[in-house]
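In: Sequence plus the predicted model coming up.
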Amino acid sequence: MRLGSRWHWPRSLFARLALIFCVGLALAQAVSFWVTMTERDEATVNLMTGYVEREVASSVALLDHLPPDERTRWLPRLARRTYQFILGPGEPGTPIDARLSERFARSITDGLARNYTVTTNAIAGSSEHFQAHLTLTDGTPLTIDFRPVSSIPLSRWLPLVLVLQFSLLIAFCWLVVRLATRPLKQLAQAADLLGPDLKGARVPETGPSEVVRAARAFNAMQDRIAMYTAERVQILAAISHDLQTPITRMRLRVDVMDDSDETEKLRQDLFEMENLVKEGVTYARSLHGASEAPCRVDLDALLDSLVCDYTDAGKDVALAEHVAIAIMARPRALRRVIGNLVDNALKFGGAATIEAAPTSDGGAIVWVRDDGPGIPEALLETVFEPFYRIETSRNRSTGGTGLGLAICRQLAQSMNAVLTLRNRNGGGLEAMLMLKGAG
Ligand SMILES: Nc1ncnc2c1ncn2[C@@H]1O[C@H](COP(=O)(O)OP(=O)(O)O)[C@@H](O)[C@H]1O
Ligand SMILES: [Mg+2]
């Protein structure tokens, strides 16, 4: 089937189903209307031919018995909607070939055939029209002028009923299609909500049996995914826990070894291993959702203590200014996110500046800036992937696992916060953490 190039199949299932239903039902409706009308016309014609046969026969008999001078007076009284009598030979014409005229002509001829010889012929014109000619017993020619109609006129309220019918049809189509597509929409929404913390909304297991089945399957799948992830985190936690003991033992052994270049390298390797294990566990835990409950946090105090920890260790970290902001957040997760960002700023830029400002919705924004090399624009999102490290930072042997930013993103998401990176105009990187307000 080739449709015009301008016609497009609608994209949504809702529109498609609605269209199919409406067009299908409207077509069915049209067909049944047509059948009813045809049947009605047929029945009417059958009734009318019988009636015309008897009426014409008795009218002709009456005219035949009337004295010739009284006949003219009777003519208007004998005329009907479709025919009239004319005292005269009438008009000549062609043989009848129209279906309706044929049927009426035959019934008239049948009714008069016993007493008269009847000839019929069609009269040319815009509508069907024919005449039957006969001669009365006293020799007077008589013509029956006939204009057949096939149907009785339609009632005036019929279009109204049709409109009403069609409106009902559309209304029910809409209901049916909505009933069919709503569960799909709900499933899609639930799947969207299934975030990294795997605490997606459960789909209500109600409605028609097919929907209940799909909802159950979806919920069960959600549970299975949560279970597998939990298992994975447990395995990772168990391995790292068991790794920590041998690593500690190795470090003790290195400590009692002679101080040499090799010992120092070994110590460094062990340090990195320990880091990897720790970060791996943190990442797995953050994936599984923060267990920490949100509470009211004095952002100033949190940032102050964080900066103090760094300055005490001789690191160049500064807090831009003090703003009294209290927000709802998970303090340990928040500290960890900002800490990771500061670590990066120190590692790649040498120094870090932190700034915070309240937002109009009762939340806050925290910026962590440095004057380092920044990150190529194309990689600003990629660096959030676990274990991803830019080639240059690997070569610089800065140490690190590539999990820092991945952890930040996960924790930020679990706090409903948004973390983005951008390169500063004068060089260096700026990380922005947008913490939403309680409302
Ligand atoms: N402040 C920054 N300046 C320049 N590059 C950065 C900065 N922060 C992160 N990066 C880049 O993003 C990569 C990923 O960071 P991260 O996930 O913290 O891993 P890691 O710090 O362990 O390398 C880093 O390896 C580095 O290449
Ligand atoms: Mg890092």
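Out: Right, received. Where do you want to start? Ligands and ions are numbered 1, 2, ... in the order given.
In: Low-confidence stretches in the stretch 51-200 of the chain?
Out: Scanning the stretch 51-200 of the chain for pLDDT under 70 picks out the ranges 195-200.
In: In it, what residue spans correspond to helices?
Out: Along the stretch 51-200 of the chain, counting by DSSP state H, counting those that start in this stretch, helices occupy 68-78, 99-112, 158-193.
In: Which stretch among these is buried most, on average?
Out: Compared across the helices of the stretch 51-200 of the chain, helix 99-112 shows the largest average neighbour count, a mean of 19 (mean count of other CB atoms under 10 Å). Where you see a C-beta, it was placed from the backbone N, CA and C, and this is true even at glycine.
In: Distance from the chain centre to it, please.
Out: Its chain's C-alpha centre and that of helix 99-112 lie 63 Å apart, by CA atoms, centre = their mean, to the nearest Å.
In: what's next to that helix, contact-wise?
Out: 45, 48-50, 52-54, 56-57, 60, 82, 96, 118, 120, 122, 128-130, 132, 134, 144, 146, 148, 150 (CB atoms under 8 Å, 6 or more residues apart in numbering).
In: With stretch 245-261 instead?
Out: The contact list for stretch 245-261 (CB under 8 Å, 6+ apart) reads 263, 266-267, 270, 273-274, 277.
In: List the buried residues for that stretch?
Out: 250, 254 (16 or more other CB atoms under 10 Å).
In: What average pLDDT does that stretch get?
Out: The pLDDT scores in stretch 245-261 average 88.
In: that older thread, reformat the helices of the stretch 51-200 of the chain as a markdown table; add distance to ligand 1.
Out: Formatted as a markdown table, these follow (distance: least, CB to the nearest ligand atom, whole Å):
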| stretch | distance to ligand 1 |
| --- | --- |
| helix 68-78 | 107 |
| helix 99-112 | 89 |
| helix 158-193 | 26 |
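In: could those go into a markdown table alongside distance to Gly404?
Out: Formatted as a markdown table, the helices of the stretch 51-200 of the chain follow (distance: least, CB to CB, whole Å):
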| stretch | distance to Gly404 |
| --- | --- |
| helix 68-78 | 109 |
| helix 99-112 | 91 |
| helix 158-193 | 27 |
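In: Out of those helices, which gets nearest to Leu435?
Out: helix 158-193 (20.7 Å; CB to CB).
In: Now do the next helix or strand along the chain from the closest one and helix 158-193, the angle between them.
Out: Toward the C-terminus, helix 158-193 is succeeded by helix 209-256 as the next helix or strand (DSSP states H and E). Here helix 209-256 points in a direction 20 degrees away from that of helix 158-193 (axes from the mean of the first three to the mean of the last three CA atoms, to 10 degrees).
In: Fine by me, thanks again.
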